[in-house]
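**Q** model the following, please.
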Amino acid sequence: MAIEIPVPDLSVSEINITLSGISYNFVFRENSRESGRLYLDIYINDSLLKGGIKIMENQALIARYVLDDFLHGELFCLRKTNTLNEVVRSNIGLSKDYGLYYLTNEELEE
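**A** Alright, predicted model coming up:
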């Protein structure tokens, strides 16, 4: 079952999350030059795994990168309502128009 990752409604925020037994720090940064678009930096053990991942609606976010420490699944930003707006800081998160979801490789194969 997909896990919805909480996205704080702050211009810069950090959460700790464990996915497939690995502890990550996700840092979310708003880009005010792009009308509030969010970027994600993923850290593992205080080391940057991948920075500057643009959170875009309805697409896989990790697949285009070869990340040896993130081979167990994929992140998606998915629309939860009928909004036509693009995903920005103010409309992504729990109980909002968009959600950030993690699916394991096994779930993706189903």
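**Q** which residues are in contact with the residue nearest to Gly36 when sequence neighbours are not counted?
**A** Closest residue to Gly36 apart from its sequence neighbours, by Cβ to Cβ, 6 or more residues apart in numbering: Val88 at 3.5 Å. Backbone N, C-alpha and C define where each C-beta goes, glycine included. Applying Cβ atoms under 8 Å, 6 or more residues apart in numbering to Val88 gives the contacts Glu30, Ser35, Gly36, Arg37, Leu38.
**Q** isn't the last one right next to Arg29, touching?
**A** Yes. Taking Cβ atoms under 8 Å as the contact criterion, Leu38 and Arg29 are neighbours in contact, 7.0 Å apart.
**Q** show me which of these two is the more surrounded one.
**A** Legend: neighbour count by other Cβ atoms under 10 Å for Leu38 and Arg29, higher for Leu38 (24 against 17).
**Q** beta partners of that one?
**A** In this entry, Leu38 is beta-bridged to Glu30, by DSSP bridges.
**Q** need the pLDDT of it.
**A** The score at Leu38 is 96. That number is its pLDDT.
**Q** got it, and Ser35?
**A** pLDDT at Ser35 comes out at 83.
**Q** buried ones in stretch 40-50?
**A** Using 16 or more other Cβ atoms under 10 Å as the test for burial, stretch 40-50 gives Leu40, Asp41, Ile42, Tyr43, Leu49, Lys50.
**Q** so which of those residues are in strands?
**A** Leu40, Asp41, Ile42, Tyr43, Leu49, Lys50 (DSSP state E).
**Q** any chance of JSON lines for those, columns distance to Asp68?
**A** Listed next are these as JSON lines, based on distance: Cβ to Cβ, whole Å:
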{"residue": "Leu40", "distance to Asp68": "18"}
{"residue": "Asp41", "distance to Asp68": "17"}
{"residue": "Ile42", "distance to Asp68": "12"}
{"residue": "Tyr43", "distance to Asp68": "15"}
{"residue": "Leu49", "distance to Asp68": "9"}
{"residue": "Lys50", "distance to Asp68": "11"}
